[in-house]
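1. build the 3D model from these lines:
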Amino acid sequence: MMVIVYGCFFACGLACIVLQIIAQRTRTDPSIGNNPQFLKFQRSYFAVYLLAMFADWLQGPYLYKLYSYYNFEEDQIAILYVFGFASTVIIGMWAPLAADQFGRKKLCLSFTVLYSLSCFLKLSRSYGILIIGRIIGGVATSVLFSAFEAWYVHEHIETFDFPKEWISVTFSKASTWNGFLAVTAGLVTNIFAEWFDLGPVAPYMLAVPFLIFAGILVSTHWSENYSGSKVKFKRACVDGWKGILSKEIIFMVGVIEALFESVIYIVIFLWTPVLQPLRPSLGIVFSSFMVCILSGQAVYQILSSRRFDTSNLLISACGIALASNVFLVLSTNPVNRKDLNCETSYVAFLLFEFAVGIYFPAMGNLRSKIIPEQHRWSITNWFRVPINLIACVVLMLLHEDEFRHGNRMIFVICTGLLMLAVLCGVRFKKLAEKDESVQEERTLMTSEHIHNIF
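-> Below you'll find the model as predicted:
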C-alpha cells in the first residue's frame, strides 16, 4: 500500500505540474493588475490569508486519526464531525453580518484566537471538551471563509479604489497558492506526526504558531473597515429564500450544490477509516488528494478557455464523482474485512478529488452568472443549510446497527445523491439553454426595434 500511495502521489504530482503549466498559458493577460501599489496591497493580504489557510490545512489529514488515537469509536467520531459541520453552517449565516457590523479586522483577529483555542483543546481526551473544540473550530472556519475575503474586497474598492476586475486576479492567485499550500501541509504533517513520531496531535500544535503570526500581522498591518450599510439578518434571509423560489434555475443550482457538496463532507469523514486497515501515511494521502484537486482545476481552466460549456463541465464533474463512488461501493464490501480492496478505494478517492477540482470553479462560475448579486450572500447561505443537514443525517446513520460494520451503505447513499446531482445537472443545462435563447430573442427584438426607429 505504501508503494502505491507514494507512487500515486508522484504520478499525480507530475501530471498536475504539466496541467498547471498548460493552464497558465490559457489565463488572461498577465499585465492586468501589475500596478506596483496593487501588488504591494495584494502581498499584504496574501501574507495573512495564506498563513491562516496553511494553519487550516495542517488540521486536515489527522483529525479522524486523532480521535481514533483517543480510543473513540467510529460513531462517536461521527458525532464530533457533526458538531463541527453544524456550528459551521449556523455561524456561517451570521459571520458576514458580524464582520460588517463589528469590524472585519476584529473578526479576523478573533479567528486566530478561536482557532488556536480549538487546537489546544485537542490535547484533551475528554469527549465533552473535544465537542467544544469542534464547535469553536467550526465558528473559526466560518470566519475564515467570510471575514478575510470581505476585508479584502472593501479595501480594494473603498480604500484604494482599484478596478473591480482586479479582484478576480487576487482571488485566482490565492486559489492557486492555496492549493499548493494544501499539498505542502499534508507533507509537513506527515513528517511531524509519523516520521518524527510525534503523534496525530502534533499538526494541531504546529498550526498555532502560524495562527499567532497571522494575528500579529492583522493587528499591525491591517486597518479596520465596516460595511457602509446595515443589513438586517431576518430581511436578508427572507430575500434570499424568495430569490431561490423566484427562478427554477436558481433553485436547481442549490439542489446540485447540496447534493454534491454533502458527499464531499461525508468523504472527508470516511476516507481515513476506509484506508486505515493498511496503515497508509495519512499526510501523503491527503497531499495526493490536494494534487488531484489542483489537477481538476487546471483541466477546468484549459477546457473553459477553449469554450467548453460550463454546464457540461459541471455535469462531467458530477459524473466522475458518481463513478468514483460506485468503485467505493464495490471496494468496501463488509462481508470479509480481510479482503477489502483498499488500493481500489484509494484510487477511487483520487478520482473523486479530481472531480471536486472541476466542480468548484464550474459551480462558482455558474453561481456568479445566475444568482443576483444583491442577494448572493443570503442565497448562498440558504444553499449551505441542506449541504450540512444531509451530511449530518448520513453520518448519524453510523449509530444504526446496519451501518456500524462497514461503510458500504454510506457510499451507496452517496452514489444515490450523485445520481440525483447528474439528473439535476441535465435539467439545469436545459434551463440554462432556454434562458440563453430567451436572452438572444430579447436582444434580437431590441435590435430590430432600434433599427425600426432609425
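2. give me the below-cutoff pLDDT ranges for the stretch 101-250 of the chain.
-> Along the stretch 101-250 of the chain, the parts satisfying pLDDT under 70 run over 228-233, 236.
3. quick one: average pLDDT of whatever helix or strand Ala355 lives in?
-> If you go by DSSP states H and E, Ala355 is part of helix 342-370. Helix 342-370 comes out with an average pLDDT of 93.
4. against which helices or strands is it packed?
-> For helix 342-370, the helices and strands in contact under the criterion 3 or more CB pairs under 8 Å, 6 or more residues apart in numbering; DSSP states H and E are helix 2-26, helix 248-275, helix 282-305, helix 310-331. In this view, the C-beta of every residue, glycine as well, is placed from N, C-alpha and C.
5. next, the buried residues of it.
-> When neighbours are counted by 16 or more other CB atoms under 10 Å, the buried residues of helix 342-370 are found to be 342, 345-363, 365-367, 370.
6. that older thread, which one of the helices and strands packed on helix 342-370 is the most hemmed in?
-> Among the helices and strands packed on helix 342-370, the stretch with the highest mean neighbour count (mean count of other CB atoms under 10 Å) is helix 282-305, at a mean of 24.
7. just the angle for it relative to helix 248-275, thanks.
-> Helix 282-305 and helix 248-275 meet at an angle of 150 degrees, taking axes from the mean of the first three to the mean of the last three CA atoms, to 10 degrees as the criterion.
8. report all helices and strands that helix 282-305 contacts.
-> For helix 282-305, the packing partners by 3+ CB pairs under 8 Å, 6+ apart come out as helix 2-26, helix 165-190, helix 248-275, helix 310-331, helix 342-370.
9. how about 7 Å then?
-> Using 3 or more CB pairs under 7 Å, 6 or more residues apart in numbering; DSSP states H and E as the contact definition, the elements that helix 282-305 packs against are helix 2-26, helix 165-190, helix 310-331, helix 342-370.
10. redo the ones you listed as JSON lines? Include distance to Asp435.
-> Converted to JSON lines, the helices and strands packed on helix 282-305 look like this (distance: least, CB to CB, whole Å):
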{"stretch": "helix 2-26", "distance to Asp435": "27"}
{"stretch": "helix 165-190", "distance to Asp435": "23"}
{"stretch": "helix 310-331", "distance to Asp435": "11"}
{"stretch": "helix 342-370", "distance to Asp435": "8"}
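11. out of those, flag the one nearest Gly283.
-> Closest to Gly283 of the helices and strands packed on helix 282-305 is helix 165-190 (CB to CB; 2.5 Å).
12. residues in contact with the residue nearest to Phe213 when sequence neighbours are not counted?
-> Distances taken as CB to CB, 6 or more residues apart in numbering place Leu51 nearest to Phe213, at 5.9 Å, with adjacent residues excluded. If a contact means CB atoms under 7 Å, 6 or more residues apart in numbering, then Leu51 has 210, 213-214 as its contacts.
13. closest to Lys106 out of those?
-> Proximity to Lys106 was ranked across the contacts of Leu51 by CB to CB; first place goes to Ala214, at 14.3 Å.
14. which helix or strand contains that closest one?
-> Element membership for Ala214 (DSSP H and E) is helix 202-221.
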